[in-house]
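Enquirer: Please find the sequence and the predicted model below.
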Amino acid sequence: MSGDHHHDHDDELALRAAALEAVLVEKGLLTTDQVDAIVEHYERDLGPQNGARVVARAWVDPAYRQRLRSDGAAAIRELGYGGFEGGTMVVVENTPDVHNVVVCTLCSCYPWPVLGLPPSWYKSPAYRARAVAEPRAVLREFGVELPAETEIRVWDSTSEVRYLVVPQRPEGADGLSEDELAALVTRDSMIGTGLALEPGA
Ligand code: FE
């Protein structure tokens with residue numbers, strides 16, 4: 001999972017702007033050292049490995065899962081993740097009957113503390129439009145073929161509310177530790193454009 005640290009130019013600019021904003025808001029002053037430190041924090045500490053730990057905990061701990069559903073940001077903070085771009089988190093759960101997909105139709109709002117920076121396809125006009133208009137076709141292009149009777153719910157992120165999908169726990173994962181379970185949880189499975197990996201896949 002250490003390969004997720006590549007950022008394109010847009011991401012780098014967004015990161016710098018976000019860091020600048022965070023410093024201005026929280027400190028009321030700005031130095032380049034502070035900006036660099038914050039950029040480093042986002043690059044080193046944030047990524048889908050965090051969300052994967054949240055999902056794995058939800059899979060093994062029903063009480064945690066309940067807290068996650070009732071106040072996503074608070075439950076995510078229990079594991080030490082939070083802050084900028086993650087203030088209000090709504091956690092939605094996939095079931096055999098319902099599959100959730102997250103998009104930001106307006107721009108690229110995304111839950112940074114648990115997923116890091118958004119992939120470029122998430123920011124593309126095609127994904128933003130088509131995820132709403134024809135989610136089943138989009139999922140198929142991502143390699144996710146859902147039964148016709150499965151309802152697809154599309155969640156439109158905003159600067160106020162970010163979403164995290166808890167994918168279905170795969171079959172055959174019963175004997176696995178929480179760490180081993182977390183390794184099955186991909187970034188895309190937490191956006192809804194993928195499924196959790198099968199053990200041994
Ligand atoms: Fe947005």
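Expert: Looks like it came in fine. Just so it is clear, the structure is predicted and the values come from calculations on it, not from any experiment.

Enquirer: Pull the longest helix along the chain out as PDB, backbone CA atoms only.
Expert: As assigned by DSSP state H, the longest helix anywhere in the chain is helix 9-27. Listed next in PDB are the C-alpha coordinates belonging to helix 9-27 (Å, rounded to 0.1, in the frame of the first residue of the first chain):
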ATOM      1  CA  HIS A   9       0.600  18.400 -10.400                       C
ATOM      2  CA  ASP A  10      -3.000  19.300  -9.600                       C
ATOM      3  CA  ASP A  11      -2.800  17.300  -6.300                       C
ATOM      4  CA  GLU A  12       0.400  19.100  -5.300                       C
ATOM      5  CA  LEU A  13      -1.200  22.500  -5.900                       C
ATOM      6  CA  ALA A  14      -4.400  21.400  -4.000                       C
ATOM      7  CA  LEU A  15      -2.200  20.200  -1.200                       C
ATOM      8  CA  ARG A  16      -0.300  23.400  -1.000                       C
ATOM      9  CA  ALA A  17      -3.500  25.400  -1.000                       C
ATOM     10  CA  ALA A  18      -5.000  23.300   1.700                       C
ATOM     11  CA  ALA A  19      -2.000  23.500   3.800                       C
ATOM     12  CA  LEU A  20      -2.000  27.300   3.400                       C
ATOM     13  CA  GLU A  21      -5.600  27.500   4.400                       C
ATOM     14  CA  ALA A  22      -5.100  25.200   7.400                       C
ATOM     15  CA  VAL A  23      -2.300  27.400   8.700                       C
ATOM     16  CA  LEU A  24      -4.200  30.600   8.100                       C
ATOM     17  CA  VAL A  25      -7.200  29.300   9.900                       C
ATOM     18  CA  GLU A  26      -5.600  27.600  12.800                       C
ATOM     19  CA  LYS A  27      -2.600  29.900  13.500                       C
END
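
Enquirer: Tell me the buried residues in it?
Expert: Neighbour counts using 16 or more other Cβ atoms under 10 Å place 11, 14-15, 18-19, 22-23 of helix 9-27 among the buried residues. C-beta coordinates here come from the backbone N, C-alpha and C atoms, glycine included.

Enquirer: Show me what it is packed up against.
Expert: Applying 3 or more Cβ pairs under 8 Å, 6 or more residues apart in numbering; DSSP states H and E, one finds that helix 9-27 contacts helix 32-45.

Enquirer: just to revisit the earlier point, filter the buried residues of helix 9-27 by proximity to the ion?
Expert: Filtering the buried residues of helix 9-27 for proximity to the ion (criterion: Cβ under 5 Å from the ion) leaves nothing.

Enquirer: and of those residues, the nearest to the ion?
Expert: Within these, proximity to the ion (Cβ to the ion) peaks at A14, which comes in at 10.7 Å.

Enquirer: Reformat the buried residues of helix 9-27 into JSON lines and put distance to S159 and pLDDT next to each item.
Expert: Putting those into JSON lines (distance: Cβ to Cβ, whole Å; pLDDT from 0 to 100) gives the following:
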{"residue": "D11", "distance to S159": "17", "pLDDT": "73"}
{"residue": "A14", "distance to S159": "13", "pLDDT": "76"}
{"residue": "L15", "distance to S159": "16", "pLDDT": "81"}
{"residue": "A18", "distance to S159": "12", "pLDDT": "79"}
{"residue": "A19", "distance to S159": "17", "pLDDT": "77"}
{"residue": "A22", "distance to S159": "14", "pLDDT": "78"}
{"residue": "V23", "distance to S159": "18", "pLDDT": "72"}
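
Enquirer: Thanks a lot, catch you later.
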